[in-house]
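**Student:** sequence plus predicted model, see below.
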Amino acid sequence: MKRIITATVQNRGGVLNRITGMLHKRQFNIDSISVGSSEIEGISKMTFVVEVSDRQKLEQLTKQLNKQIDVIKVSDITEKAIVARELALIKVGSSSQSRSEIQGIIQPFRASIIDVSRDSLAIQVTGKPDKVDALITLLRPYGIKELTRTGVTAFLRGQQPQVSEMNAFTV
Amino acid sequence: MRVEAKQEVEGTNKVMTGADLLIESLVAEGVDTIFGYPGGAVLPIYDAIYRSEAPFEHVLFRHEQGSIHAAEGYARVTGKPGVVLATSGPGATNLITGIADAMMDSLPLVVFTGQVARGVIGTDAFQESDILGITTPITKYNYQVKQIDDLPRIISEAFHIATTGRPGPVVVDIPKDISADLTTGDFDNHFDLPGYQPTEKPNPLQIVKLAEALGRAKRPVILAGAGVLFADAAEELKEFAERYDLPVATTLLGLGSYPGTGSQALGMAGMHGTYAANMAIYESDLLINIGARFDDRLTGNLEHFAIHAKVAHIDIDPAEIGKNIKTDIPVVADAKEALLALLSADITQPDITAWNEKIASNQQAFPLWYERSDQLLSPQWLLEQIYKETSGKAIVTTDVGQHQMWAAQFYAFDKPNRWVTSGGLGTMGFGFPAAVGAQLACPDDTVVAVVGDGGFQMTFQELAVVRERNLSVKVLIVNNEALGMVKQWQGSFYEGRYSESLFGFNPDFVKLADSFGVRGMQITKEADLPAALAEAFAYDGPVVIDCRVVKQTAVYPMIAPGKGIHEMIGVTK
């Protein structure tokens, strides 16, 4: 099952290496990892999307993360009301004929063209990973020349529903 | 959590080098012994040691691996952190085995390594190695000092992290220009580790659950691990076990946490544990694990481990709970705190007379056994003689392998912290240098290094240290001219294809000892042993005793790999 886990960490030297090294050593599969500064100076926020086989593995993962000296807090937010987004940059081949066609495809995704050259377009899209996947699938026939994704970053919504009506995070 | 260091580092107005500052910080931490080896990147530190009048001793080993195993031995018998110092590059990489060993067995070490100057880090400079990168997976934490003013704080943090919670090794990498630099700064060694707050007090609800489960249990058993020793909780364990008449099995590393000759003792459990201990775990309906980590050498095949039991697990490291075994009653706590809570809890005396009778009959019917030979020495008998000669009071260290298992089986430890062995990593060459460290820590105690002829050849260079300091370490080589455990497995599971496990040549260990100015003896007949041991232990100085043992002897009983804890072989002759 896929889980989305966040960790607040002290921004000390080697912290990313420490954590990815631990995940590798203990044979956890990471789909994506994104890291950046948080609202507090010296504290970074990490978001992991991981594939774990069962609850016991999941518990081990959060415990092993918590065990790291630099890790302050670990949360499995998969079943919470969350906002999860990733950004992708996609360079597709395009001629003057196909350009408007591509424009039509990306519009419903609220993606934007951020660079144009004679034979290619660079598209920026933000959203949940399944939305990004969907756009990539649609653009594939035009020839994807380059693709880069940031991985998911996420946090809890301001308001959590009282009753559990949450959807499991799907990618 | 803001932690005040025990003592402020003095000398804020003096001009001093980073190395001097390091020495002052070590003194403030109460360090009395440094296990080290000099080299280029630590020249400023060694110069500071030379100039210092600080009340600690630097012990020069002959290989960095020797120094770190000695620090482990020191840490194991004293409970204090072992302090190691080595240079950059090869000095640091020679420590790796010891660091990994200390990580596996949760030994508190603070390891200082030199590093090339900050300006050339990352340029593949002479004797540069990325020791932070190399040691990240095998340390509890590690540091590279980037600013001289950080040094006192980092050292305080390193000692705090190494010795609290679940202990472990911490590496502090110090670039040469930092230890050489002069500074007059105002030093602050206060630190703040918001992500590191070990839980020491048990959750009272879990203690109540455990107390209730114990009151209802019909077949309870305690499994005591090294966590009891680290928590200094042997007395509490004894009181708890004896108050409720609970049988106690120990792990390899937990030997001595409950007296080996005590009324509740089942001996060691696991791959080469006693029948009574393993069957008690297999048949139990309540397994109370105190400070053990359910290692695979203990559990055997997980599908058969304690299958009828409700499992309670007391551990200061939450990540150990539920890692290998599904746990019904998790108690995250220091073993002493948990035992004190249990001792003051309201517990109904469980009705376990029948259970204890069954265990006693297992002990009676299936004790540890061995065969005597009229040629050479029987290794188990040899260990029994050592036990007798030292009245069971020695500090015993070992490597890994057959001799280690025989020592664990036949030397009953009645006191904690007298047993120094490489458990998790299973390191050959550990026993002798660890004995040197233990002897340095406890100069008045009898220290016996029980080693194999293979392991001893990995670290015997430290004979120079015992000679130099006239340390009374007695080295007992259980010599079967082979890598005994490898050979045993090749015999049992590879149809006797003894691939590279038989030594075609061994040194003359008596002459070897002699070349170091150390007394050497060779014993080939059982009849000669008692007198030789009496002489060796009476002698005030190091002795190497080359004991020629029966070559085919195997360690039994045994849980074969993949088998359950109840499927022992070699339970009887």
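**Tutor:** Sure thing, it's come through.

**Student:** I'd say residue B:322 and residue A:55 touch.
**Tutor:** No. Contact criterion C-beta atoms under 8 Å: residue B:322 and residue A:55 do not qualify, at 9.8 Å. From N, CA and C alone the C-beta is placed, and that goes for glycine too.

**Student:** apart from its chain neighbours, what residue comes closest to residue 34?
**Tutor:** With no chain named, the answer covers chain A. Once flanking residues are discounted, residue A:34 sits nearest to residue A:151: 4.2 Å by C-beta to C-beta, 6 or more residues apart in numbering or on different chains.

**Student:** wait, I meant chain B there
**Tutor:** With sequence-adjacent residues excluded and distances taken as C-beta to C-beta, 6+ apart, residue B:34 is closest to residue B:58, at 4.6 Å.

**Student:** same question for residue B:39.
**Tutor:** Leaving out its chain neighbours, the residue that sits closest to residue B:39 by C-beta to C-beta, 6+ apart is residue B:87, at 2.5 Å.

**Student:** quick check, the residue in chain A closest to chain B?
**Tutor:** Distances between chain A and chain B by C-beta to the nearest C-beta are smallest at residue A:63, namely 4.0 Å.

**Student:** hmm, that residue is touching residue B:315, no?
**Tutor:** No. The criterion here is C-beta under 8 Å, and residue A:63 misses it with residue B:315 at 11.1 Å.

**Student:** which one of these two is surrounded by more residues?
**Tutor:** residue B:315 (27 against 17; other C-beta atoms under 10 Å in any protein chain shown).

**Student:** about what we covered before: more neighbours: residue B:322 and residue A:55, which one.
**Tutor:** The neighbour comparison of residue B:322 against residue A:55 (other C-beta under 10 Å) goes to residue B:322, with 19 against 10.

**Student:** show me what contacts residue 42?
**Tutor:** All of this refers to chain A. Residues in contact with residue A:42 (C-beta atoms under 8 Å, 6 or more residues apart in numbering or on different chains) are A:10, A:11.

**Student:** hmm, I had chain B in mind actually
**Tutor:** Applying C-beta under 8 Å, 6+ apart, the residues near residue B:42 are B:85, B:86, B:87, B:88, B:91, B:112, B:114, B:174, B:176, B:179.

**Student:** how many neighbours does the spatially closest residue to residue B:457 that is not a sequence neighbour have?
**Tutor:** Using C-beta to C-beta, 6+ apart and skipping residues adjacent in sequence, the residue nearest residue B:457 is residue B:507, 7.3 Å away. Neighbour count of residue B:507, defined by other C-beta under 10 Å: 15.

**Student:** tell me which strands the helix or strand hosting the residue nearest to residue B:34 pairs with, and in which orientation.
**Tutor:** Using DSSP states H and E, residue B:58 falls within strand B:57-60. The strands that strand B:57-60 pairs with in its sheet are strand B:33-36 (parallel) (by DSSP bridges).

**Student:** can you give the contact residues for the strand it pairs with?
**Tutor:** Outside of strand B:33-36, the residues within contact range by C-beta under 8 Å, 6+ apart are B:26, B:49, B:56-61, B:67-68, B:70-71, B:74, B:82-86, B:437, B:440-441.

**Student:** what number of residues lie near residue 100?
**Tutor:** Answering for chain A, as no chain was given. Counted with other C-beta under 10 Å, the neighbours of residue A:100 add up to 9.

**Student:** can you look at chain B instead?
**Tutor:** Residue B:100, neighbours per other C-beta under 10 Å, totals 18.

**Student:** pLDDT wise, what is the residue in the stretch 301-450 of chain B that chain A sits nearest to at?
**Tutor:** The nearest approach of the stretch 301-450 of chain B to chain A comes at residue B:319, 4.0 Å away (C-beta to the nearest C-beta). pLDDT for residue B:319: 97.

**Student:** and it, helix, strand or coil?
**Tutor:** Assigned by DSSP: H, G, I helix; E, B strand; the rest coil, the conformation of residue B:319 is helix.

**Student:** list the contacts of it.
**Tutor:** A:60, A:63, A:64, A:66, A:67.

**Student:** 6 Å - rerun?
**Tutor:** For residue B:319, the contact set (C-beta atoms under 6 Å, 6 or more residues apart in numbering or on different chains) comprises A:63, A:64, A:67.

**Student:** give the closest residue to it in space, chain neighbours not counted.
**Tutor:** In this structure, residue B:319 finds its nearest non-sequential neighbour in residue A:63, 4.0 Å apart by C-beta to C-beta, 6+ apart.

**Student:** next SSE after the host helix or strand of the one you found?
**Tutor:** Assigned by DSSP H and E, residue A:63 belongs to helix A:55-67. Remark: after helix A:55-67, the chain's next helix or strand is strand A:71-76, criterion DSSP H and E.

**Student:** state the mean pLDDT of that next one.
**Tutor:** In this model, strand A:71-76 carries a mean pLDDT of 97.

**Student:** for chain A, which spans come out with low pLDDT?
**Tutor:** The model of chain A has pLDDT under 70 over residues A:163-171.

**Student:** swap in 90 and give it another go.
**Tutor:** Low-confidence segments of chain A (pLDDT under 90): A:13, A:95-97, A:160-171.

**Student:** tell me which helix or strand the residue of it positioned farthest from its centre sits in.
**Tutor:** Residue farthest from the centre of chain A, counting by C-alpha atoms, centre = their mean, is residue A:97 at 33.1 Å. For residue A:97, the enclosing helix or strand under DSSP H and E is helix A:96-106.

**Student:** in the sheet, which strands lie alongside the helix or strand that that helix is followed by, parallel or antiparallel?
**Tutor:** Counting by DSSP H and E, the next helix or strand C-terminal to helix A:96-106 is strand A:112-116. Strand A:112-116 has the following strand partners under DSSP bridges: strand A:120-127 (antiparallel).

**Student:** so the partner strand versus helix A:96-106, what angle?
**Tutor:** 0 degrees (axes from the mean of the first three to the mean of the last three C-alpha atoms, to 10 degrees).

**Student:** show me the domain layout of the chain.
**Tutor:** The chain I'm using is chain A. Domain segmentation of chain A under automatic domain parsing yields A:2-76, A:85-152.

**Student:** hmm, I had chain B in mind actually
**Tutor:** Per the record, chain B has its domains at B:2-192, B:204-365, B:379-555, by automatic domain parsing.

**Student:** now residue B:259: how far from chain A?
**Tutor:** For residue B:259, the distance to chain A equals 33 Å [C-beta to the nearest C-beta, to the nearest Å].

**Student:** give me the number of residues near that residue?
**Tutor:** Neighbours of residue B:259 under the rule other C-beta under 10 Å: 20.

**Student:** ok, now the one 4 residues further on?
**Tutor:** Residue crowding around residue B:263 was assessed by other C-beta under 10 Å; the count is 12.

**Student:** check the secondary structure at it for me.
**Tutor:** The three-state label given to residue B:263 by three-state DSSP is coil.

**Student:** can you check residue B:510 too?
**Tutor:** Put simply, residue B:510 is helix when judged by three-state DSSP.

**Student:** surely residue B:291 and residue B:229 touch.
**Tutor:** No. If you go by C-beta atoms under 6 Å, residue B:291 and residue B:229 don't touch, sitting 7.7 Å apart.

**Student:** hmm, who's touching stretch B:419-432?
**Tutor:** Here stretch B:419-432 makes contact (C-beta under 6 Å, 6+ apart) with B:69, B:73, B:76, B:97, B:100-101, B:104-105, B:252-253, B:255-256, B:396-400, B:404, B:413, B:434, B:438, B:449, B:451, B:455, B:458-459.

**Student:** what is the nearest of the contacts of residue B:319 to residue B:488?
**Tutor:** residue A:64 (34.7 Å; C-beta to C-beta).

**Student:** thinking again about what came up before, can you list the buried residues in the strand holding residue B:58?
**Tutor:** Buried positions in strand B:57-60, judged by neighbour count with 16 or more other C-beta atoms under 10 Å in any protein chain shown: B:58, B:59.

**Student:** what lies in contact with that strand?
**Tutor:** B:33, B:34, B:35, B:36, B:49.

**Student:** most neighbours among these, which one is it?
**Tutor:** Most surrounded of the contacts of strand B:57-60: other C-beta under 10 Å gives residue B:35, at 32 neighbours.
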